[in-house]
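Have a look at this prediction, sequence included:
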Amino acid sequence: MTPPVDQPSDPASSQVARYLAAPDAPPVPLPYLTYLFEHVADVIFFLEVLDGDRYRFSAVNERFTETTGLPVSAVVGKEVDAIIPPASLDLVKSRYREAIVTGKVVRWQEVSSYPTGTKTGEVTVTPVLDADGACRLLMGVVHDITEHVHNRHQLELASLMFENSHDAIAVLDPEGRIEAVNPAFTVVRGFSLDEIAGKAPRVYAAGLQEPGFDEALWAQLRATGNWQGELWSRHKDGHVLAEYRTITAARGPDGQVRNYIEIGTDITESKRAEELAWRQGNYDVLTGLPNRQMFMERVAQAIHDADQEAGSFTLLVIDLDRFKDVNETLGHSAGDEILKDAAKRLLDCTRDGDTVARLGGDEFMVLLASARTVDRTAQTIIQAMARPFAIADETLHLSASIGITHYPRDAADMESLIKHADQAMYVAKQQGRNRYAYFSHVMQERAQARRQLIKDLRNALGERQLEVHYQPIVDLATGSLQKAESLVRWTHPQRGMIGPAEFIPLCEETGMIVELGEQIFETVVRDVADWKREHGTILQVGVNMSPVQLLSGRESCERCFQLARNAALPEHTLTVEVTEGMLLDNNPIVVQQLRQIAEHGIDLALDDFGTGYSSLSYLKKFEFQYLKIDRSFVMHLEAGTTDFALCETIVTMAHKLGMQVIAEGIETPEQLELLQHAGCDFGQGYLFSKAVPRRIIGQWLASQAMPWMRSGFAAQAFKRAHQQLSQ
């Protein structure tokens, strides 16, 4: 084994050995030698030199037993082969031979394992020569350096760690001044030892901690000997880094602080990742506003503060009107730009202390800290959202509907508060959009009634309680029954008759319209087939189809087509009626489904023509067989009026495009005659009949006696029309 770099001081036993070996040394009294042998701190042994490289223990001291764990009686008289561990035996014997041959003291370092453990010793062997110069006795002294070697090894490990650690390590004196730093310290913080030796760690403090932080840190360190936590440091070049730092007091045997060891771990990247994850979890990526989670936390805190201080606050729910239409026609990227612009406008409309959040889609919420500014803020938002949005080359005009609710007046918990704000917002939309509405408990009652109606409607669908009635569509030239429009009717067990205008929107909103549409289609197919079989009459029946049905997927339409095929109905027996609003978005699914309808031999009718976004491109793109003039043009129809001119124009245009025209809402003979004069093909309205059950239609077909042909103004009008045709 290589001797240690720093050897221990020469022990007393080695000095004695040199003294005894000196030729001019005076004799030492035997009691002295005996005392020395028994009390010296080192192991002493004597070996008798035998023939054949053999050595026998002739004496060992008590220290030998303490060090090795072998009793004197088990050693004395035994040869070294039986005592010395086999791993050390060859080395030991070679050193013995060297001492005998040279006649000089031999030293070496030896590591051996004994019952007391592995020991490291500094061994000295001195040959004892006879008068004739022969060596028959060896005296050995072993100085135990196990602890010294261990400590030196620990120092070497500590030095390796200090030099190679990736953490920034600084050694401070008891006063907190820097004495040493490791290479990583310079890498992490940019300072070399020469630049900061003798200075306090505040030289690389970022100055971002709370006032008094440094004093509190050292107070805890002196009291407990340890401090750890996260703090900010500043690099030599000025940039700030996050650290997890530990400072530990290193004490001497007397318990006094010798040094402080400061270890700093750079956690800047992990803090950035943590901050990013937190931001992604609490802020909307698109607009940078707080998201639903953070907003709910803010509302919960506002409730807590209001309860503690007997205060109040206000919530605003803001929804962009018709945003879906714009988003789908111009694409999601344009919609995203609108949302980002809307978020900026909302921030401009609010004050410090208010919270603006995006909950999802085009829905925003504002938490107002002061109730005194509610009306002004809401009106400012309305005006801000009404300003044009410039997206690429497009200038878009939107508006906003706002619902307002107060805590604690309108609700005592967060869920109810937000629900009430939503209800108020929907009321604002129902009142015409581009406005705000306050929550009232009347709204709550209406909302509860609405939820109950949805529940009842779902049950009615499941039990097939909704009925299909048919309103006749009359040939305006002859008065004959040519067609009919199917209309759904619901007789509620408690409320009685509920109009379609009330429950159809609920069906569309909840998705029940798909099931209802299939039930209506199935009923119409069955009834038309029954009339054909029973009366030999093919009556063309129109079925209204909701956009929700067309957008629900191909499966629903396919099931309807299959019903018509199974009934073996002739082509053009059924007509699907759609509104202009359905065509506005130019949705590819709607386009595909309408083409599928035409391919299955079902006619198409464009309902409510002229009331919405009328465009000739619809008529060019889709092969409509019928145009239906909306009742709003018919109800004020008089000769020489704009309404009459419009009706004439629609009829002329439709005929030139190969379509026939159906006028809705005919209630007077005068309206009938004017439409006949305009060349309109068909009409429906209360002048002829309201919507009636299937059995009534069956009775009319059986008798071929239509009630509007028996007497009255309608009959006279048809009679005059017939006379004019025959002339």
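Cool, got the structure.

Now do the contacts for Gly140.
Counting by CB atoms under 8 Å, 6 or more residues apart in numbering, Gly140 makes contact with 43-47, 123-126. The C-beta positions use only the backbone N, C-alpha and C, and glycine is treated the same way.

Filter the residues you listed down to the ones in helices?
When these are checked against helices using DSSP state H, none is located there.

Same list as before, these that is, but in TSV and with neighbour count included.
TSV is the format used below for the contacts of Gly140 (neighbours: other CB atoms under 10 Å):
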residue	neighbour count
Val43	23
Ile44	21
Phe45	21
Phe46	17
Leu47	23
Val123	19
Thr124	23
Val125	23
Thr126	23
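
and which of these is nearest to Arg279?
The closest of the contacts of Gly140 to Arg279 turns out to be Val123 (CB to CB; 68.2 Å).

So for the residue sitting nearest the centre point of the chain, what's the pLDDT?
When CA atoms, centre = their mean is applied to the chain, the residue found nearest the centroid is Gly281 (5.5 Å). Gly281 carries a pLDDT score of 86 in this model.

what are the ranges of the helices in the stretch 51-200 of the chain?
For the stretch 51-200 of the chain, the helices defined by DSSP state H, counting those that start in this stretch occupy 62-68, 72-75, 80-83, 86-102, 146-164, 183-189, 193-196.

about what we covered before: which among the contacts of Gly140 gets closest to Ser416?
So of these, ranked by how close each gets to Ser416 (CB to CB), first place is Val43, at 87.5 Å.

what's the closest non-adjacent residue to the closest one?
Val142 (3.9 Å; CB to CB, 6 or more residues apart in numbering).

In space, what's closest to Cys507 - neighbours in sequence excluded?
Ile513 (4.0 Å).

Show the average pLDDT along the helix or strand hosting the one you found.
For Ile513, the host element (DSSP states H and E) is helix 512-535. Helix 512-535 comes out with an average pLDDT of 92.

from the middle of its chain, how far away would that helix be?
Distance, stretch centre to chain centre, for helix 512-535: 47 Å (CA atoms, centre = their mean, to the nearest Å).

Tell me which strands the helix or strand following it pairs with, and in which orientation.
Using DSSP H and E, the next helix or strand after helix 512-535 towards the C-terminus is strand 540-544. Strand pairing for strand 540-544, using DSSP bridges, gives strand 481-492 (parallel), strand 574-579 (parallel).

could you point out which element follows strand 540-544?
helix 547-551.

How far does the helix or strand following that following helix sit from its chain's centre?
Where DSSP H and E defines the elements, the next helix or strand beyond helix 547-551 is helix 554-566. Mean-position distance between helix 554-566 and its chain equals 41 Å (CA atoms, centre = their mean).

Helix 554-566 packs against which elements?
helix 512-535, helix 547-551, helix 588-599 (3 or more CB pairs under 8 Å, 6 or more residues apart in numbering; DSSP states H and E).

Mind listing residues that contact it?
514, 517-518, 521-522, 525, 549-550, 573-574, 592-593, 596-597, 600, 602.

Could you pull up the residues touching Leu221?
Listed by CB under 8 Å, 6+ apart, the contact set of Leu221 reads 227, 247, 249, 260.

actually Arg234, sorry about that
Arg234 neighbours (CB under 8 Å, 6+ apart): 204-207, 240-241.

Next one, pLDDT for the residue nearest to it when sequence neighbours are not counted please.
Leaving aside its chain neighbours, Arg234 sits nearest to Ala206 (4.2 Å; criterion: CB to CB, 6+ apart). Ala206 carries a pLDDT value of 86.
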